[in-house]
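Participant: sequence first, predicted coordinates after that:
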Amino acid sequence: MNYLIKDARGVVGNEFVSDIRIKDGLIDELGTSLEPMAGERIIDASQCVVYPGFVNTHHHLAQSILKGIPAGLNQPLGEWLASVPYQYWPKITPEIMYNAACLGFYDLIRSGVTTCADHHYLYHSKTSPELEAAVWQAAEDMGIRLVLCRGGATSKGTHKGLAKAGVEPESIDQMLKRLDDSYSKYHQKGSAPMRKLVVAPTSLIHSSSAQDLKQLSQYARSRQLKMHSHLLEVDFDQQQSLAKYGKSAVEFAEECEWLGDDVWFAHLVKANECDIKILASTKTGIAHCPTSNCRLGSGIAPVIDMYKKGMRISIGVDGSASSESGSMLQELNLTWLLHRAINGANSTLLEEVVEWGSRDGAALLGLENVGTIEVGAAADIVLYDIGQVRYQGCHSILYSPVLCGEPVQVKYSLVNGKIIYQNDNCLVDREALIIHAQQSFSELLKRVNHFNPLFI
């Protein structure tokens, strides 16, 4: 169906636009007082501001049913990894994974996300391919763009969570074979694909050898795939890199051919001035995840210095086991506020933060025709309802969703010109989503021998 969005109170990146015509999944025309054409459906945007769909560049969908686990509430990253995600993930079945992914996608879509890069690391030597297939299927059913960052480890190494999980990692040959299977089955090319595969070993420092990392980078680049991993979330990365390799974590990444404009890392909280210089010079990007970094006490990534030095900045929600809300609006609001607390009131501009969460995130993922509202771009569009009581009195109408933060109300969300969300309803029945999530939650607790009816 083709649409005409009419009478918006503001459109990001388009100062004098109130109407958007959508044809065959693309933005066909921008203007004011556009007249409807035959067969078009009118979308009333008179109480809305219109944004390009946000692009979440780092997530862990499997964690959507691991929120607020008591054992990890007050633990730092290393101990938290062992107590929370790695305690539970070997027990996650394809059905649980599907329901967790749908739950996570709903939370993202509800906050304005139309593209999710999920760092899916639930792989070991005996992993069933159905576990990964469940994530792809959930994305298709929810209508969201999925960039699946294929994680996993080829060594237990010094990864605290993996060491406690009691699973046997994949061999490098096994990982490459499985990667190739996923590439053949799911990966789509083009400027605005619905499915992309990324090569993404779970932890650059702790879970793969230098030789394995080189093989993975060569595999990715031979197929023009992007590359992603965790790096410098805490000081432990730097300490272990110096101890094991005699060089900094970023220098180790460079040696393993893991820097470049096709690479981005999650967190980089502990990147120092020297690290930032190397990362910027190689055009390596960051997925900034402020809520998770605060929640785990990891610190604040020096994003302002990175941006000034020329690094590519994007925003990630991270897993709901360490950021609980799963809201992109929260990440953007916190990004805008947090760096002002340490760098001054003019250090983060609303326009820049929105671009990090949309256009720049899309570019970092290689989605050339996504993340902007302009003629010819994919119609990934979100309408925020600012007719709500809480927005009254706000003078900066266009940026009121980011300024005011949660709770936010999305009236419509479209991906490729298809409505995937409307007034709290998504493509998957909302009540069924809740029931299935509760069932998976209960089943997971039983499988890890921690069943407690008080948690249900």
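Facilitator: Structure received. Numbering: from 1, shown residues only.
Participant: is it true that T372 touches G13?
Facilitator: Yes - the pair T372 / G13 is scored as a contact, 6.2 Å apart, by Cβ atoms under 8 Å. C-beta: built from backbone N, CA, C; applies to glycine.
Participant: which neighbours do these two share?
Facilitator: Common contacts of T372 and G13 (Cβ atoms under 8 Å, 6 or more residues apart in numbering): P52.
Participant: so Q218 sits in a helix?
Facilitator: Yes - under DSSP: H, G, I helix; E, B strand; the rest coil, Q218 falls within a helix.
Participant: and it, how far is that from H60?
Facilitator: Distance from Q218 to H60, counting by Cβ to Cβ, to the nearest Å: 26 Å.
Participant: got it, and E254?
Facilitator: 26 Å.
Participant: so which of those two has more stuff around it?
Facilitator: Ranked by neighbour count (other Cβ atoms under 10 Å), E254 and H60 place H60 first, with 28 against 17.
Participant: next up, the contacts around the more buried one.
Facilitator: Here H60 is in contact with 85, 118-121, 318-321 (Cβ under 8 Å, 6+ apart).
Participant: if you set the cut-off to 7 Å instead, what comes out?
Facilitator: Contact analysis of H60 by Cβ atoms under 7 Å, 6 or more residues apart in numbering lists 118-119, 318-319.
Participant: farthest-apart pair in the residues you listed, please.
Facilitator: Using Cβ to Cβ, the two most remote members of those are D118 and D318, lying 10.8 Å apart.
Participant: which neighbours do those two share?
Facilitator: With Cβ under 7 Å, 6+ apart, D118 and D318 have common neighbours 59-60.
Participant: so which of the contacts of H60 comes closest to G72?
Facilitator: Using Cβ to Cβ, those come closest to G72 at G319, 11.6 Å.
Participant: tell me, what's the model's pLDDT at that closest one?
Facilitator: G319 is assigned 95 on the pLDDT scale.
Participant: you'd agree it is up against K67?
Facilitator: No - contact criterion Cβ atoms under 7 Å: G319 and K67 do not qualify, at 9.3 Å.
Participant: and the two? Which one has more around it.
Facilitator: Between G319 and K67, counting by other Cβ under 10 Å, G319 is the more crowded of the two (25 against 17).
Participant: of all the helices and strands in the chain, which has the lowest average confidence?
Facilitator: Using mean pLDDT, DSSP states H and E, helix 160-165 stands out as the lowest-scoring helix or strand of the chain, at a mean of 64.
Participant: alpha carbons only: can I get stretch 40-52 in PDB?
Facilitator: Extracted C-alpha coordinates of stretch 40-52, given in PDB (Å, rounded to 0.1, in the frame of the first residue of the first chain):
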ATOM      1  CA  GLU A  40      -3.200   6.200  -1.300                       C
ATOM      2  CA  ARG A  41      -4.000   5.800   2.300                       C
ATOM      3  CA  ILE A  42      -3.900   9.000   4.400                       C
ATOM      4  CA  ILE A  43      -2.000   9.000   7.700                       C
ATOM      5  CA  ASP A  44      -3.000  11.900   9.900                       C
ATOM      6  CA  ALA A  45       0.200  13.300  11.500                       C
ATOM      7  CA  SER A  46      -1.300  16.500  12.800                       C
ATOM      8  CA  GLN A  47      -0.300  15.700  16.400                       C
ATOM      9  CA  CYS A  48       3.000  14.100  15.500                       C
ATOM     10  CA  VAL A  49       6.700  14.700  14.800                       C
ATOM     11  CA  VAL A  50       8.200  12.500  12.200                       C
ATOM     12  CA  TYR A  51      11.600  10.800  12.600                       C
ATOM     13  CA  PRO A  52      13.700   8.400  10.500                       C
END
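Participant: now that stretch: average pLDDT?
Facilitator: pLDDT averaged over stretch 40-52 gives 98.
Participant: equivalent analysis for stretch 174-187, please.
Facilitator: 98.
Participant: now it: buried residues?
Facilitator: Buried residues in stretch 174-187, counted by 16 or more other Cβ atoms under 10 Å: 174-176, 178-179, 182-183, 186-187.
Participant: S241: which of the residues you listed is nearest?
Facilitator: M175 (21.6 Å).
Participant: downstream of the helix or strand where that closest one lies, the next helix or strand is which one?
Facilitator: Assigned by DSSP states H and E, M175 belongs to helix 172-186. Using DSSP H and E, the helix or strand that follows helix 172-186 in sequence is strand 195-199.
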